[in-house]
Each structure stands twice: as structure tokens, then as C-alpha cells.
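1. What follows is a predicted structure for the sequence shown.
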Amino acid sequence: PLADDAGGAVLLDAAPHAGTENEAEALAARLGGLPLGLNAAATYLSVPTSRHRTFTAYQHALETEFADLLGAEHPTAATDPDTARLVVRHTWDLSLDQLHRDGYTLARPVLQLLALLEPAPVPRNLITPKLVTDATGLPATVATVDAALAGLHQYGLLHT
């Protein structure tokens, strides 16, 4: 985990218009200084269509939308790996929920499918509409699979 000031700097570098240095440090502390969580939050905040556009609004969303799932108010991510995983998981959930609201309905199922295929890189031509349909039970087309992959990439949840 990064120190609060270093985590705040990461957030400010990626989303410079999302708030002040103190607000960025407070969010970094809330995310336990975890690089994956910081990256997901910063990517989310830097996308113009995101519902939460400031460090404070994002932190409030973590508290109000996922309070029953996050557990401790100030997670001890540096010493408790289970808490650290929860913080990162629900940070991703904000992005996945936003993608779903934006019409990328296959983003979450495609990410879940890709997670099952890890740890090796997954060739793009393997992710076909038939594979997605068979694996998720949801109807998929070339366009919806491409849109899901593009949305996941836009929010920093998928790297190519």
C-alpha cells in the first residue's frame, strides 16, 4: 500500500480536476493505499461520463452505496488482505455499475469470464459472442462484446 500522500498524488495525477490534495489523500486513505484501487478510482474519475466526478463524491459513494459490504469505516488494508480485497472489489463495482448504466450490459459478465481465464493473457479472438453467450447465458453479438471490451478498457479494468 502507498502512503496517503503518495496515493493522493496518484489520484491527482490521473484526475487533476476531481478535487484538492487533501480530498485526494482522504480517498487514498479510504482505499487503503492499494494501487489497484487507486488506479480504478482515478480512471473512473477521469472519464467524463462518470456519475461521481470528484474525490469527495466518489468517497461518499463508497460509503453510501456499499456501506453494508465494505465493513470497517477505515479498512486496515495494509495488515488485513481480506479487507484490502473488499475495498478494491467495490471500487471496481462503481465502474462496472457505471458501464451498465451507460448501456455496456455485458461489461461485468465479460470481465467475470476473463477472470476465469487468467492468469495467462487471453487472445482477443477467443472472446466471441458464442463464448460470451455460452458462458453467461446472456445473448451477445459482435457489437455488444466489442462494446463491453471497449468500456472495460476505457475504465482501466482491462488492458490490451
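-> Perfect, thanks for sending it.
2. Name the helix or strand for A18, please.
-> Following DSSP states H and E, one finds A18 outside all helices and strands.
3. separation between the residue nearest to V122 when sequence neighbours are not counted and A148?
-> Ranked by Cβ to Cβ, 6 or more residues apart in numbering and with sequence neighbours excluded, the top spatial neighbour of V122 is L114, at 5.9 Å. In short, each C-beta sits where N, CA and C put it, glycine included. Remark: distance between L114 and A148 (Cβ to Cβ, to the nearest Å) = 10 Å.
4. between the two, which one's more packed in?
-> With neighbours defined as other Cβ atoms under 10 Å, L114 and A148 compare such that A148 has more, 24 against 16.
5. Secondary structure element holding that one?
-> Per DSSP H and E: helix 142-154 holds A148.
6. And that helix, what does it pack against?
-> helix 81-101, helix 107-117, helix 129-136 (3 or more Cβ pairs under 8 Å, 6 or more residues apart in numbering; DSSP states H and E).
7. any chance of those in JSON lines, with mean pLDDT and distance to H52 too?
-> Output for the helices and strands packed on helix 142-154, formatted as JSON lines (pLDDT from 0 to 100; distance: least, Cβ to Cβ, whole Å):
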{"stretch": "helix 81-101", "mean pLDDT": "70", "distance to H52": "7"}
{"stretch": "helix 107-117", "mean pLDDT": "87", "distance to H52": "17"}
{"stretch": "helix 129-136", "mean pLDDT": "90", "distance to H52": "27"}
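8. Let me have those in CSV, extended by distance to L2.
-> Putting the helices and strands packed on helix 142-154 into CSV (distance: least, Cβ to Cβ, whole Å) gives the following:
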stretch, distance to L2
helix 81-101, 12
helix 107-117, 24
helix 129-136, 35
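9. out of the ones you listed, nearest to L31?
-> Judged by Cβ to Cβ, the one of those that comes nearest to L31 is helix 81-101, at 5.6 Å.
10. Against A9, how distant is the most centrally placed residue in the chain?
-> In the chain, the residue lying closest to the centroid (Cα atoms, centre = their mean) is W92, at 2.6 Å. Between W92 and A9 the distance is 22 Å, computed by Cβ to Cβ.
11. That concludes my questions; thank you for your assistance.
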